[in-house]
Each structure stands twice: as structure tokens, then as C-alpha cells.
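> the amino acid sequence is not available; the structure is as follows:
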Ligand code: PMP
């Protein structure tokens, strides 16, 4: 398998980063994950735009190669013969002798990797996950997709220890988002999700699902719910590039209603899968 690193396509084992890369020393970098199906990307432009937004957010001048990431990714997918894949983009501030203060003219490190994923199937059922609730221990700029993921990975490990697949994070009683997803609550046929402010990552899947919901004449409130409202919801689901629309059937060991996939979750799941099919396989 080939990867792209700083202008070169290299075999996975031959690609290496400086031990002084600020990505490893300080988590000083940002990333994106997008999906390809049947050799075609989904929501490519949104991922390029968000990468630039994240770079600006942590004061890295976007290297010009950022605009070539779509073409580089297409080429990597083709050369790796991996039509169904997750593509990972990472841009760090680059290598520099270890010092909190970066040099004034660093050269960013740009990495692209691919991992295979399942091809799309027609009419797949919505996945079902169980979740824990977990205090949101992250910094105050979660709107940037930075490499600084320790609070997320620790929360995910706690979820696994409790037999669950996701951690729903909360600040005080306010639900923010999942460890690697955005959270939606359905109540009386209306949807609730955290506003796209500094406390959450504005998910590309989140925004698409909001569009599909509004197109179905569902009311969407971009307002945070409380932990009590979460637990008493009619339905809960999470969204993400690799997660798609996934039902949350249990929270902290208690079922949400009957502990099944609810009707609103099912229709939004189907809308998203149809969109993927249409964008990549027609
Ligand atoms: N929130 C967090 C913390 C995430 O890590 C992710 C995706 N990795 C999301 C939300 C979902 O974002 P997207 O739909 O753009 O994948």
C-alpha cells in the first residue's frame, strides 16, 4: 500500500516522519477523514474547506498542496486499487527542534493514507450502538479538527470497558457531542443537536443530516439538550463520516424507549445511505 508524504508516493514501510515533527511532540496539527466508494469521494469539497478552517484556527498557513489533496487522494485510491476506502489527511506544523514556540517559517508535513472499507450495499439497516455518558474534558476550541484527541480516546476506552461503542460527552448537564460523532435527539417528532459553535466539531454528516431532516419537513433545533432530556428522548442517534447515521439504543445501560432503531433515525439513515449511493455509485 502506498501513502502520500510531502510530495511523494511511497510504500507504507518506507514513509517516515522526523522525530521532531510537531504533530507528535505537541499534537500541533489537524486532520480530516473522508470516504471513497466505487472510486469516488463523498463530500470532498466540504472536507477541503474544513481542513483550511482548522489550519487557520491553529495559525498554520495552508500549504498550496492542500488544494491538490483531492487529486492526490484520487491517485492514491487508484494506485492502491482501493475503490472503497477511508482517506486520512494530516497536516502538521512540521519538524522543528523541540520548543513550545515554533519557528517563524516551518515547513508543514502533509500526509495522506488510505484504509479499505466495506463497499456500499443497497438498503443496509441502521447500525445500533450503546453509549455511555462522559464528562467532556476537552479544550475550548473543539470546532477545529486537531490531532489533540486524548480526551476523546480515553472516553472511547471507557465506553469499551462498559460494553459500549460511543461516549456521549457533556459539559455540566449540557450534551455536546460524541467522542467521534455528533449527537441528535428526537423528541415529539422534532430534532435537537448542539449548535455549531466552539464547543463541538461541526460535522459534515451533521450538516447533511440537518438538510435531509428539513427537506422532510422535520423541525431541527440547534440547541443543546440536557442529560435528562437525552435519557428521556424518543430516539437518539449519532452521525459521522465513518459512522453514517447510527442509532443509540442504550445509554448508561438504560434503553432509549424500547431500545430499538426509531422511525426518524431510520428515515434519516436511509436518506444518508441513498445520498452516498447517488453520489458515488451512479
Ligand atoms: N465530532 C467529533 C469529535 C469527531 O471526531 C467527528 C468525526 N471524526 C465528528 C463529530 C463527525 O464529523 P464528520 O461528520 O465531519 O465526520
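Sure, I can see it. Note that the structure is a prediction, hence the values are computed from the model and not measured. Numbers count the residues shown, from 1 in each chain.
> show me what from the stretch 101-250 of the chain comes close to the ligand.
Where proximity means C-beta under 6 Å from any ligand atom, the interface of the stretch 101-250 of the chain facing the ligand comprises 152, 177, 180-182, 201, 203-206, 239-241. C-betas here are computed from N, CA, C, even on glycine.
> now stretch 167-174: how far from the chain's centre is it?
18 Å (C-alpha atoms, centre = their mean, to the nearest Å).
> and if you look at stretch 144-152?
For stretch 144-152 - counting by C-alpha atoms, centre = their mean - the centre lies 11 Å from the chain centre.
> any idea which helix is longest in this structure?
helix 263-281 (DSSP state H).
> which helix or strand lies directly C-terminal to the helix or strand hosting residue 74?
Taking DSSP states H and E as the definition, residue 74 sits inside helix 69-79. Counting by DSSP H and E, the element after helix 69-79 in chain order, helix or strand, is strand 85-92.
> show me the contacts for residue 27.
146, 147, 148, 149 (C-beta atoms under 8 Å, 6 or more residues apart in numbering).
> can you put those residues in TSV and add pLDDT and neighbour count?
Supplementary listing: the contacts of residue 27 in TSV, determined by pLDDT from 0 to 100; neighbours: other C-beta atoms under 10 Å:
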residue	pLDDT	neighbour count
146	98	20
147	98	18
148	98	18
149	98	16
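> okay, residue 198 and residue 140: tell me how far apart.
When C-beta to C-beta, to the nearest Å is applied, the distance between residue 198 and residue 140 equals 6 Å.
> looking at those two, which one has more neighbours?
It is residue 198, of residue 198 and residue 140, that has more neighbours when counted by other C-beta atoms under 10 Å, with 12 against 8.
> which residue is the nearest non-sequential neighbour of residue 25?
Leaving aside its chain neighbours, residue 25 sits nearest to residue 98 (5.4 Å; criterion: C-beta to C-beta, 6 or more residues apart in numbering).
> that neighbour and the ligand: what is the separation?
Applying C-beta to the nearest ligand atom, to the nearest Å, one obtains 27 Å for the distance of residue 98 from the ligand.
> ok, that residue touching residue 24?
No. Using C-beta atoms under 8 Å, residue 98 is not in contact with residue 24, being 10.1 Å away.
> so in terms of bridging, what pairs with residue 191?
Listed by DSSP bridges, the beta-bridge partners for residue 191 are residue 186, residue 220.
> burial of it, as a residue count?
For residue 191, the count of nearby residues is 21 (other C-beta under 10 Å).
> same question, the one 3 residues further on
A count of neighbours around residue 194, defined by other C-beta under 10 Å, yields 23.
> just checking, it touches residue 200?
Yes. Contact between residue 194 and residue 200 holds when scored by C-beta under 8 Å: they sit 5.0 Å apart.
> between those two, which contacts overlap?
Contact with both residue 194 and residue 200 is made by residues 176, 177, 182, according to C-beta under 8 Å, 6+ apart.
> rewinding a little: determine the set of other helices and strands touching the helix holding residue 74.
Counting by 3 or more C-beta pairs under 8 Å, 6 or more residues apart in numbering; DSSP states H and E, the packing neighbours recorded for helix 69-79 are strand 2-5, strand 8-11, strand 29-37, strand 40-41, helix 44-57, strand 85-92, strand 109-116.
> could you dump those into a markdown table with mean pLDDT added?
Supplementary listing: these in a markdown table, determined by pLDDT from 0 to 100:
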| stretch | mean pLDDT |
| --- | --- |
| strand 2-5 | 98 |
| strand 8-11 | 98 |
| strand 29-37 | 98 |
| strand 40-41 | 98 |
| helix 44-57 | 98 |
| strand 85-92 | 98 |
| strand 109-116 | 98 |
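> tell me which of these lies nearest to residue 217.
Proximity to residue 217, assessed across the helices and strands packed on helix 69-79 by C-beta to C-beta, is greatest for helix 44-57 (24.2 Å).
> centre of the chain to the closest one, how far?
Averaged C-alpha coordinates place helix 44-57 at 13 Å from its chain's average position (C-alpha atoms, centre = their mean).
> dihedrals phi and psi, residue 219?
Per-residue torsions, residue 219: phi -80, psi 130 (degrees, to the nearest 10).
> from memory it sits against residue 193, does it?
No. With the criterion set as C-beta under 8 Å, residue 219 and residue 193 do not qualify as a contacting pair; they are 11.9 Å apart.
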